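>>> Requesting a structural model of the entry that follows:
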Amino acid sequence: MIYIFHGQNQRASRDYLLRLKKKYGDFVSLSGKGAIDRLKEESANLTLASNKSLYIVEGLENLDFLKENQIPNEIDVAIWLPKRITTPALKNAQNVKILEFNLLGKIDSFKFIDSFARKDLKKTLFFLEKLFSLGESPEVLVGALAFQIKNLLVAKEGGLKILNLHPYVEKKSLEFAKSWNAVQLTSLLKKLLNLDFFVKQGKIDSKLSLTLFVVESLQ
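Numbers count the residues shown, from 1 in each chain. The predicted structure follows:
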């Protein structure tokens, strides 16, 4: 699988990349013009007994190599780009998952996770659907929800100070956390991480699965 992270919201794309790194544990970072050649060399040395690793590639000037489908299916590659891209190379690329991190739904994404934290199912679904209509990817929203749930859990345990959150976010987290218990939040976080994993593997419908997660969590 090839993951391509692009868009104006660099912070969100970096956060998502960090979560992907944690999922794999083992990863190799490549950058610059020679990154693709190095990637081919690395993949050529893989054996059937090799553990699947993640290769993180940055600093690419173009994605023309995707036209030729030169990356074997046996390895996973995350390509991080600092801006939004529109290129013909993506149209016919195989085994590629494209994630665009934009700023269009920034305000609504905050409303989405805050409504979830308030246990307001109606508003949460409203903002979720609105974000989908704006083109926000389910993967990005899963990350936003994971961030919110983690903050709520840390708030329940009295450790928010170590996260260095904005005072306003910290205050909201403390208030929202009163409606939850730690066991419940831990369970939700595990379910969300499992959902994130299966979405990345392309095994489930990401929009439907996220919607069902919200409904089941808040009913």
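>>> Do you have the helices of this structure handy? List them.
10-24, 35-44, 106-117, 121-133, 138-156, 167-177, 182-200, 206-218 (DSSP state H).
>>> packing partners for the helix or strand bottoming out on mean pLDDT in the chain?
Every helix and strand in the chain was compared by mean pLDDT, DSSP states H and E; the lowest is helix 35-44, with a mean of 74. Counting contacts by 3 or more C-beta pairs under 8 Å, 6 or more residues apart in numbering; DSSP states H and E, helix 35-44 packs against strand 27-31, strand 54-58. In this view, the C-beta of every residue, glycine as well, is placed from N, C-alpha and C.
>>> Beta-bridge partners for the closest residue to Ala35 other than its chain neighbours, please?
Spatial nearest neighbour of Ala35, chain neighbours left out: Val57 (4.9 Å); criterion: C-beta to C-beta, 6 or more residues apart in numbering. Taking DSSP bridges as the rule, Val57 bridges to Leu30, Ile79.
>>> Looking at the helices and strands packed on helix 35-44, spot the one closest to Arg14.
strand 54-58 (10.7 Å; C-beta to C-beta).
>>> quick one: the closest one to helix 35-44, angle?
Following axes from the mean of the first three to the mean of the last three C-alpha atoms, to 10 degrees, one obtains 170 degrees for the angle between strand 54-58 and helix 35-44.
>>> export strand 54-58 as PDB, just CAs?
Output of strand 54-58 as PDB, limited to C-alpha atoms (Å, rounded to 0.1, in the frame of the first residue of the first chain):
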ATOM      1  CA  LEU A  54       6.800   1.200   6.600                       C
ATOM      2  CA  TYR A  55       9.000   3.400   4.300                       C
ATOM      3  CA  ILE A  56       8.400   7.100   4.800                       C
ATOM      4  CA  VAL A  57       9.400   9.300   1.800                       C
ATOM      5  CA  GLU A  58       9.700  13.100   1.800                       C
END
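>>> Now stretch 110-121: average pLDDT?
When pLDDT is averaged over stretch 110-121, the result is 93.
>>> mind putting the helices and strands packed on helix 35-44 in a markdown table, mean pLDDT and distance to Glu136 included?
Listed next are those as a markdown table, based on pLDDT from 0 to 100; distance: least, C-beta to C-beta, whole Å:
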| stretch | mean pLDDT | distance to Glu136 |
| --- | --- | --- |
| strand 27-31 | 82 | 26 |
| strand 54-58 | 85 | 23 |
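>>> In CSV, list those along with distance to Ile204 and mean neighbour count.
Below are these laid out as CSV (distance: least, C-beta to C-beta, whole Å; neighbours: other C-beta atoms under 10 Å):
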stretch, distance to Ile204, mean neighbour count
strand 27-31, 24, 15
strand 54-58, 21, 20
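>>> would TSV of the ones you listed with distance to Trp180 be doable?
Formatted as TSV, the helices and strands packed on helix 35-44 follow (distance: least, C-beta to C-beta, whole Å):
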stretch	distance to Trp180
strand 27-31	33
strand 54-58	33
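>>> Among these, which comes closest to Leu99?
The nearest among the helices and strands packed on helix 35-44, by C-beta to C-beta, is strand 54-58 at 13.9 Å.
>>> what packs against the closest one?
Going by 3+ C-beta pairs under 8 Å, 6+ apart, strand 54-58 lies up against helix 10-24, strand 27-31, helix 35-44, strand 76-80.
>>> Repeat the analysis, applying 10 Å as the threshold.
strand 2-6, helix 10-24, strand 27-31, helix 35-44, strand 76-80 (3 or more C-beta pairs under 10 Å, 6 or more residues apart in numbering; DSSP states H and E).
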